[in-house]
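Trainee: no sequence for this one, just the structure:
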């Protein structure tokens with residue numbers, strides 16, 4: 001009986017050590033194994049404490065200056081790679097997008113929302129959505145959208161200039177909301193409506209009632 005107890009205790013200790021190594025220690029060697037440099041992670045927390053202290057943008061800026069355009073850090077035990085090289089970003093997001101499928105999840109997001117959202121959907125659902133939408137945002141079509149969006153930008157710049165001359169407080173949310181809606185209607189729906197200058201139609205009224 002005593003021998004059985006000893007065997008069970010030893011087995012339990014071995015399992016505990018293995019689980020600790022597998023899930024709490026080994027993950028911190030992922031980046032080193034693939035040759036990606038980065039800040040030394042703190043056990044269990046990774047770089048979470050430093051990110052909380054500096055703020056994410058300052059954290060990224062600090063280590064971009066130290067490690068260059070490609071480096072990695074740990075959030076808990078999960079490895080993250082930061083890429084600021086434009087050509088490499090294009091390779092990941094455009095040329096080889098099919099190999100980089102899933103994105104980091106967000107808290108308090110339901111499974112139903114994830115299934116319909118291009119940014120949060122996963123695996124084959126994401127691949128199907130991406131392949132369907134990609135032709136809509138080809139280089140040629142994006143170039144055709146630029147003049148429409150530029151017109152809205154010019155109108156916005158003039159309005160902001162007038163606000164600056166007067167010096168009164170401005171409801172920026174409303175100003176940029178009108179700019180955003182005008183740009184989307186022109187670029188995505190082919191409807192040129194001068195919303196920023198007070199023009200409206202049934203579509204803009206319906207959209208305003210929602211937002």
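Mentor: Done, it's in. Because the structure is predicted, anything quoted here is derived from the model rather than measured.

Trainee: quick one: buried residues of the host helix or strand of residue 129?
Mentor: Assigned by DSSP states H and E, residue 129 belongs to helix 123-133. With burial defined by 16 or more other Cβ atoms under 10 Å, the residues of helix 123-133 counted as buried are 125, 126, 129. All C-beta atoms are positioned from the backbone trio N, CA, C, and that covers glycine.

Trainee: and what of stretch 70-84?
Mentor: Going by neighbour count (16+ other Cβ under 10 Å), the buried part of stretch 70-84 is 70, 71, 72, 73, 74, 77, 79, 82.

Trainee: Residue 80: what secondary structure?
Mentor: strand (DSSP: H, G, I helix; E, B strand; the rest coil).

Trainee: Just grab the bridge partners of it for me.
Mentor: residue 73 (DSSP bridges).

Trainee: Quick check: longest helix in the chain by residues?
Mentor: helix 139-166 (DSSP state H).

Trainee: what packs against it?
Mentor: helix 172-189 (3 or more Cβ pairs under 8 Å, 6 or more residues apart in numbering; DSSP states H and E).

Trainee: just to revisit the earlier point, list the contacts of the helix holding residue 129.
Mentor: Outside helix 123-133, the residues within contact range by Cβ atoms under 8 Å, 6 or more residues apart in numbering are 97, 98, 101, 102, 115, 118, 121.

Trainee: Can you say which of those are buried?
Mentor: For the contacts of helix 123-133, a neighbour count by 16+ other Cβ under 10 Å gives the buried set as 97, 121.

Trainee: re earlier: what are the buried residues along the longest helix of the chain?
Mentor: If you call a residue buried by 16+ other Cβ under 10 Å, then helix 139-166 has these buried ones: 148, 149, 152, 155, 156, 159.

Trainee: how much space between the third one and residue 195?
Mentor: Yep, that's residue 152 we're talking about. Remark: distance between residue 152 and residue 195 (Cβ to Cβ, to the nearest Å) = 9 Å.
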